[in-house]
Every structure is written in structure tokens, then in C-alpha cells.
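Chemist: My questions concern the predicted model and sequence given below.
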Amino acid sequence: MKQKIPAWRHVFKLDPDRNLDDPALEAVCLSGTDAIMIGGSSGVTYENTVELLSRVRRFEVPCVLEISDLEAVVPGFDLYMIPIVLNAGHPDWILGQHARAIEQYGYLIPWELLVPEGYLVLNPEATVAKVTEAQGPLEAATARAYAQVADRLLQLPIVYLEYSGQTGDFELVSDVRRTLDQARLFYGGGILDAETARRAAAVSDTVVVGNVVYSDLDRALETVAAVKGVAKN
Ligand SMILES: CC(C)=CCC/C(C)=C/CC/C(C)=C/CC/C(C)=C/CC/C(C)=C/CC/C(C)=C/CC/C(C)=C/COP(=O)(O)OP(=O)(O)O
Ligand SMILES: O=P(O)(O)OC[C@@H](O)CO
Ligand SMILES: [Mg+2]
């Protein structure tokens, strides 16, 4: 499984439910980011996902889909990221939907392209926290324990600390990273500028940048060099 996970340092997450004009999309795709991840926690449909994929495909940057809704699974992505929400309050978001998806798609599933992500939802105000009824806020010790369940027990290739919409607690992120054995640590949430990007890059393997693309494109673009300029410790 591990060899499938590219050593991305910086990823832009684009939401098919939000508008980005052509010049902005071009700037994002040519920014030097390592990948574009398409996904969102609400309003993602087959139609808006196909449209965004076809626009990103005009560029060479790798493009992956983070599945949040089975109705919006579109062929043609480089990889399919499959969230497993470790602290979900309802089993549907841990493995329930996944089992139903496998039952429905059967032999059509391109297993070699699927990458499971052990998700920890850490901003209780985020849409994703509400959708998944995520347990929280979590103490650092609990976050570490969940991360070890994903990394050491389940051997998932990614642990994703998801603060969507909020800048995270970088001490907690660093703490979690130190407990990992083999998983890559993805950090996402509230990267607003080069400075927050640098702080996140210092404590994680991969930094995911989302909302600021839509609110301040110039600042979003600055996060690429900021992340790549930080050596991993
Ligand atoms: C090509 C082809 C036929 C492929 C087949 C692929 C396939 C169907 C495989 C089946 C295998 C499988 C196991 C599929 C999983 C199905 C599924 C629906 C699983 C549920 C995934 C899940 C737990 C989703 C929870 C929500 C979540 C974590 C979403 C991630 C995105 C996210 C957090 C976005 C951030 O949200 P944002 O919009 O930024 O939030 P704000 O509004 O707060 O800003
Ligand atoms: O939108 P932001 O807050 O940057 O979060 C990024 C990403 O982790 C969301 O899934
Ligand atoms: Mg968002």
C-alpha cells in the first residue's frame, strides 16, 4: 500500500461546489503544488466533479478525488482517497458507507487506485464534523491514540488531521506526528498565508490548503513555496 502514496508536500483541495474562474484555476494548477485533490463535505455532485476534473486535466498536475459521496464518484482520476473518519459518531462514516460502496461497485473497483485515509476531524464547527457527528473536541492524548489505531493497528498509509476552516493546534499535530510509525501525516485546515503554511509544514508530511484559494488567491499561491521551503524534521 505504502508505495502508492506519493511524497506530496503541498496539496490544493478544490471544492466542486465552489466557483473558480479559469485564470485562477490555471494559477493553482501551475503553482508548483504536488497535487490537486477534489472534494468537499457538501454539495458535491457527479456533474460538478466531472466539470472540475476536466478543467484540471488541461494541466499536468496530478489530480485525485477524495470521495465523500458515492453518487459523485467519477472515473479518470489518478487516485481515489477514501476517508475513514476515526472519531465519527456514526458507524456509517467509519466503514458503513464503504461496505455499501463495495457491495454496489463490486468488480468495477480499481483497487490499485484506492488510498484509505484515517481521518481525525478536529474542528467541531466544520461541516464535516456535523455530517459525521464527530466526537470532540479531542484531548491530545485521545488524538494520539486514534492516530495510532490508524497507523499501527490498521496500517493505514495516511493519518489526516482535519481542522477544515480553522487553524489547528500545531503542538497537538506535532505530538501526533511523533507517535506515527509508517503513516504519512496530512494536515488540513485554516492555512491562510505563508506563515501558517510554514508552521504546518514543520509538523506534518503533507499540507492541504483549501478555502484560502477562494478567499485570497495570492496568499494561497504563496503557501506552495512556503511549504516546500521547510525541511521536514
Ligand atoms: C472509477 C471508479 C468506478 C471508482 C470506484 C471507486 C469506488 C466507488 C470505490 C468504492 C470503495 C469505497 C470504499 C468508497 C467509499 C464510499 C464513501 C462514500 C465513503 C464515505 C467517505 C466519508 C467517510 C466521507 C465523510 C466526509 C468527508 C471526510 C469528506 C472529506 C472531504 C472534506 C473533509 C472536505 C472539507 O470540507 P469543506 O467543504 O472544506 O468543509 P467546510 O464546509 O467546513 O469548509
Ligand atoms: O479549507 P481549509 O480550512 O484550508 O482546509 C483544508 C482541507 O483540509 C479541508 O478538507
Ligand atoms: Mg472547505
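Modeler: Looks like it arrived, so ask away. Ligands and ions are numbered 1, 2, ... in the order given.

Chemist: any idea how far the residue lying closest to L14 once chain neighbours are set aside lies from Y80?
Modeler: Spatial nearest neighbour of L14, chain neighbours left out: I38 (5.5 Å); criterion: C-beta to C-beta, 6 or more residues apart in numbering. Quick note: C-beta positions are derived from backbone N, CA and C, even for glycine. Taking C-beta to C-beta, to the nearest Å as the measure, I38 falls 10 Å from Y80.

Chemist: For M81, which three-state class applies?
Modeler: strand (DSSP: H, G, I helix; E, B strand; the rest coil).

Chemist: contacting residues around the residue nearest to it when sequence neighbours are not counted?
Modeler: Using C-beta to C-beta, 6+ apart and skipping residues adjacent in sequence, the residue nearest M81 is E66, 4.3 Å away. Applying C-beta atoms under 8 Å, 6 or more residues apart in numbering, we find E66 in contact with K13, M37, I38, G39, M81, P83, E117.

Chemist: hmm, 6 Å instead?
Modeler: M37, G39, M81 (C-beta atoms under 6 Å, 6 or more residues apart in numbering).

Chemist: Secondary structure element for T142, which one?
Modeler: Taking DSSP states H and E as the criterion, T142 maps to helix 140-148.

Chemist: what sits up against that helix?
Modeler: L86, L120, V159, L172, D175, V176, T179.

Chemist: any idea which helix or strand comes after it?
Modeler: Downstream of helix 140-148, the next assigned helix or strand under DSSP H and E is strand 158-162.

Chemist: Pull the distance from that following strand to the chain's centre.
Modeler: 7 Å (C-alpha atoms, centre = their mean, to the nearest Å).

Chemist: How about the residue nearest to L14: which residues does it bridge to?
Modeler: Going by DSSP bridges, I38 is paired in beta bridges with L14, L65.

Chemist: tell me the contacts of it?
Modeler: By C-beta under 6 Å, 6+ apart, I38 lies in contact with L14, L52, L65.

Chemist: To which secondary structure element is V115 assigned?
Modeler: V115 belongs to strand 114-121, assigned by DSSP H and E.

Chemist: Can you check what angle separates that strand from strand 158-162?
Modeler: Here strand 114-121 points in a direction 40 degrees away from that of strand 158-162 (axes from the mean of the first three to the mean of the last three C-alpha atoms, to 10 degrees).

Chemist: is ligand 1 contacted by strand 114-121?
Modeler: Yes. With C-beta under 6 Å from any ligand atom as the criterion, ligand 1 is reached by strand 114-121 at Y119.

Chemist: Excluding residues flanking it in the chain, which one is nearest whichever residue of the chain sits closest to ligand 2?
Modeler: Residue nearest to ligand 2 within the chain: G188 (2.0 Å; C-beta to the nearest ligand atom). Leaving aside its sequence neighbours, G188 sits nearest to V208 (C-beta to C-beta, 6+ apart; 3.6 Å).
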